[in-house]
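Enquirer: Return atomic coordinates for the entry below.
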Amino acid sequence: MTKFGELIGADKPVLIDFYADWDEVESSIDTLRDVAAALGESAKVIKIDIKKNETLADALRVKGNPTFMIYKNGEMKWRQTGFQDANTLIGLVKQYL
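Expert: Below is the predicted model of the structure:
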């Protein structure tokens, strides 16, 4: 959890995708690649496997799949469960630049 704290403590927005559905991984990765490409160095985009990080997922009460979160300066700014398209995610992250 210490690494997670360091990760979300950044002064630039951090978009996290908590995922577990193996069938959806490929399309989700493409979406996040588009988001990362559009945002460049102004934000971080990260995927976290719920199954491999159960303690963290439980601590954050991640129940749905996928669950997206945006953090900035260690504070959760936005959270949504369910698929989001790249343009929506880009617009949301830009609100916190």
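
Enquirer: And for the residue nearest to Asp85 when sequence neighbours are not counted, the neighbour number?
Expert: Among residues not flanking Asp85 along the chain, Thr31 sits closest, at 6.7 Å (C-beta to C-beta, 6 or more residues apart in numbering). Backbone N, C-alpha and C define where each C-beta goes, glycine included. Neighbour count for Thr31, taken as other C-beta atoms under 10 Å: 21.

Enquirer: Same check on Glu75?
Expert: Neighbour tally, Glu75, other C-beta under 10 Å: 10.

Enquirer: measure it to Ile48 for me?
Expert: Computed as C-beta to C-beta, to the nearest Å, the Glu75 to Ile48 distance reads 18 Å.

Enquirer: next one: Thr31
Expert: In this structure, Thr31 and Ile48 are 15 Å apart, going by C-beta to C-beta.

Enquirer: Now the residue nearest to Asp85: which helix or strand?
Expert: Secondary structure assigned from DSSP states H and E places Thr31 in helix 25-39.

Enquirer: tell me which residues in that helix are buried?
Expert: Applying a neighbour-count criterion of 16 or more other C-beta atoms under 10 Å, the buried positions in helix 25-39 are Ser28, Thr31, Leu32, Asp34, Val35, Ala36, Ala38, Leu39.

Enquirer: Thanks a lot, catch you later.
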